[in-house]
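Engineer: sequence and predicted structure below; questions after.
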Amino acid sequence: MEVCVVGTGYVGLVTGTCLAYLGHSVVCVDVDERKIEMLRKGKSPIYEPGLDQLITHGMQRGHLSFSTDLSKPVKDSEIIFIAVGTPPQPSGKADLSFVKEVAHSIGRALDCERRRVIVNKSTVPIGSGNWVEMLVKEGLNDNPVWRDKLASSAKLQTGSAASSRRLNGFKAEDVFLVASNPEFLREGSAISDTFYPDRIVIGATDAYAAERLRALYEPIVEQTFTPPASAPRPADVTAVPVVTTDLASAEMIKYAANAFLATKISFANEIANICERVGADIKEVVRGFGLDSRIGPKFLNAGVGWGGSCFGKDVSALVDIAKEYGYEPALLHSAVDVNKRQRHVPVQKLQEALKIIKGKTIGLLGLAFKPNTDDLRDAPALGIAQELIEMGARVKAYDPIANEACRRQNPDLKIEYAASAIALAEDCDAVVIVTEWEEFRSLDLNQIGEVMNQRVLIDGRNLLDPQVVEEAGFKYRGIGR
Ligand SMILES: NC(=O)c1ccc[n+]([C@@H]2O[C@H](COP(=O)([O-])OP(=O)(O)OC[C@H]3O[C@@H](n4cnc5c(N)ncnc54)[C@H](O)[C@@H]3O)[C@@H](O)[C@H]2O)c1
């Protein structure tokens, strides 16, 4: 099928590239010329394992191309994805200005030759499907092709009876339908998550739209494609469930999923904070209650709290939606509050261990909000660095991938960037593990300890074995243990 994906961020680019791999003909569109220029050279502007190879593969087979202008790809496509950002506003409300701009542009670009399905993949507040439909219609009203079509329809209605019957009642729905298809991929494993999702959610008011989206995803639903080398098929994946529902429910499924996961992490952090006070170990506690099949062990890692572009933004947007309808979502408020407090915990532990922070050198291991990505949106490391700098510390940082992105995106943040964990440790009075990168599991603690001023390690992700760290002569502080 011919597909246009508008927005080449973490979601749009991965979706477009994976659909091209499945054999669809995909054009990815972005207003960011720098991104499109890089992509045309086969280079991904974001770090996502395996993505560069799949982009090259798609381009070489002629299934994947890139553009800064959506007019032609919109005309050429049967399915048009909106995958632009919906960042939070200071009030917590989702900023829908990018979605609005794209929906209008799509309306202005459509011709009347065939029926398109316009798919909201961006995470958008409940009711946005209907809103996008209205915006595309507004765009259509500025579209000369559409106006001509309406004019000839009106003329024909006053002409022959047969023509009148054919075109009488010609509607925008004959040119486009809107569907919702929320995305659940995780940065760092986005390709695998796209090919082997837990479910595909399709929200539509019209059976035709749902059927076309189901057809698009057929190779994934039935798992009939040959997996790429970078994303082998897990042994237990034989088919993928499709949840077909109404627009509002599809939109709500995405918010409910993220709110639940965020709450689960906050719950683990709440229990960790109590563990610490009563002398229990959160790792042991989670092992014990996570084995309960009603609970499950995932998303129960205590640490410095959640971050990233989605959890905070989506929970705030859901709170805002609830309030709009006169409901005070107490549980969601608490999940956010616990997370805010948790970001401060490493700093408290540094104060406990070092007493005076002023004039001390603190090394942060990890900047990205989670491993295997260079995404720094709402990354806990940024807030921790800022707080320490304000307290008078010298802050160094090392991230295996995100140093450069952090330097570029935060020119005013006075961090000294190190090229390795050992270079980071030099002259440090303490190091803090902020992101659970795999390489931090096997740090050479003796070597690191030798170049530090003091052997203090705050394990903000409970990554290391406290006994091993203490045997290397470190003062160790984990979270909830
Ligand atoms: N990042 C994730 O892990 C993730 C997961 C699931 C859902 N989502 C949701 O998906 C949506 C996109 O997220 P993302 O992380 O990919 O965002 P992103 O910020 O990485 O990418 C958005 C892209 O849209 C482009 N864009 C903005 N306006 C445009 C326009 N008028 N025309 C063309 N391109 C335009 C931007 O230049 C940017 O490249 C958001 O609603 C997000 O909540 C994200």
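Structural biologist: Thanks, I have the structure now.
Engineer: near the ligand, which residues of the stretch 251-400 of the chain?
Structural biologist: 309-310 (C-beta under 6 Å from any ligand atom). C-beta: built from backbone N, CA, C; applies to glycine.
Engineer: residue ranges for the strands of the stretch 251-400 of the chain, please.
Structural biologist: Listed in chain order, the strands of the stretch 251-400 of the chain (DSSP state E, counting those that start in this stretch) span 361-365, 394-398.
Engineer: kindly reformat the ones you listed as TSV containing mean neighbour count and distance to residue 354.
Structural biologist: Converted to TSV, the strands of the stretch 251-400 of the chain look like this (neighbours: other C-beta atoms under 10 Å; distance: least, C-beta to C-beta, whole Å):
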stretch	mean neighbour count	distance to residue 354
strand 361-365	26	9
strand 394-398	23	13
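Engineer: which of those strands sits closest to residue 286?
Structural biologist: Residue 286 lies closest, by C-beta to C-beta, to one member of these: strand 361-365, at 22.3 Å.
Engineer: with only the CA atoms kept, save the closest one in CSV.
Structural biologist: Extracted as CSV, the C-alpha positions of strand 361-365 are listed here (Å, rounded to 0.1, in the frame of the first residue of the first chain):
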residue,chain,number,x,y,z
THR,A,361,32.8,17.2,42.2
ILE,A,362,30.0,14.9,41.3
GLY,A,363,30.0,12.5,38.3
LEU,A,364,26.8,11.5,36.7
LEU,A,365,26.8,8.1,34.9
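Engineer: tilt between it and strand 394-398?
Structural biologist: Angle of strand 361-365 versus strand 394-398, following axes from the mean of the first three to the mean of the last three C-alpha atoms, to 10 degrees, is 20 degrees.
Engineer: list the contacts for the residue of the chain found nearest the ligand?
Structural biologist: The ligand sits closest to residue 9 of the chain, with a gap of 1.8 Å, by C-beta to the nearest ligand atom. By C-beta atoms under 8 Å, 6 or more residues apart in numbering, the contact list for residue 9 reads 46, 83-85.
Engineer: can you redo the strands of the stretch 251-400 of the chain as TSV with mean pLDDT?
Structural biologist: Shown next, in TSV, are those (pLDDT from 0 to 100):
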stretch	mean pLDDT
strand 361-365	98
strand 394-398	98
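Engineer: among these, which comes closest to residue 103?
Structural biologist: Short answer: strand 394-398, nearest of the strands of the stretch 251-400 of the chain by C-beta to C-beta, at 39.5 Å.
Engineer: who are the packing partners of that closest one?
Structural biologist: strand 361-365, helix 380-390, strand 415-417, helix 421-425 (3 or more C-beta pairs under 8 Å, 6 or more residues apart in numbering; DSSP states H and E).
Engineer: and that strand, which strands flank it?
Structural biologist: strand 361-365 (parallel), strand 415-417 (parallel) (DSSP bridges).
Engineer: the first one to helix 380-390, inter-axis angle?
Structural biologist: Yep, that's strand 361-365 we're talking about. 180 degrees.
Engineer: who's in contact with strand 361-365?
Structural biologist: So strand 361-365 is in contact with 350, 381, 384-385, 388, 393-398, 415, 418, 421, 424-425, 427-435, 437, 440, 443, 453, going by C-beta under 8 Å, 6+ apart.
Engineer: contacting the ligand as well, which ones from the contacts of residue 9?
Structural biologist: Answer for the contacts of residue 9 near the ligand (C-beta under 6 Å from any ligand atom): 83-85.
Engineer: from these, which single one is nearest residue 458?
Structural biologist: Distance to residue 458 across the ones next to the ligand among the contacts of residue 9 (C-beta to C-beta) is lowest for residue 85, with 32.7 Å.
Engineer: name the nearest residue to that closest one, ignoring sequence neighbours.
Structural biologist: Excluding the flanking residues, the one nearest residue 85 by C-beta to C-beta, 6 or more residues apart in numbering is residue 98, at 5.6 Å.
Engineer: can you show me the helices along the stretch 251-400 of the chain?
Structural biologist: 282-290, 311-324, 330-342, 345-354, 380-390 (DSSP state H, counting those that start in this stretch).
Engineer: can I get the ones you listed in JSON lines including mean pLDDT, distance to residue 91 and mean neighbour count?
Structural biologist: Shown next, in JSON lines, are the helices of the stretch 251-400 of the chain (pLDDT from 0 to 100; distance: least, C-beta to C-beta, whole Å; neighbours: other C-beta atoms under 10 Å):
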{"stretch": "helix 282-290", "mean pLDDT": "97", "distance to residue 91": "34", "mean neighbour count": "16"}
{"stretch": "helix 311-324", "mean pLDDT": "95", "distance to residue 91": "7", "mean neighbour count": "20"}
{"stretch": "helix 330-342", "mean pLDDT": "97", "distance to residue 91": "14", "mean neighbour count": "17"}
{"stretch": "helix 345-354", "mean pLDDT": "98", "distance to residue 91": "27", "mean neighbour count": "19"}
{"stretch": "helix 380-390", "mean pLDDT": "97", "distance to residue 91": "20", "mean neighbour count": "21"}
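Engineer: now the helices and strands packed on strand 394-398 as CSV including distance to residue 470?
Structural biologist: Converted to CSV, the helices and strands packed on strand 394-398 look like this (distance: least, C-beta to C-beta, whole Å):
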stretch, distance to residue 470
strand 361-365, 18
helix 380-390, 23
strand 415-417, 28
helix 421-425, 17
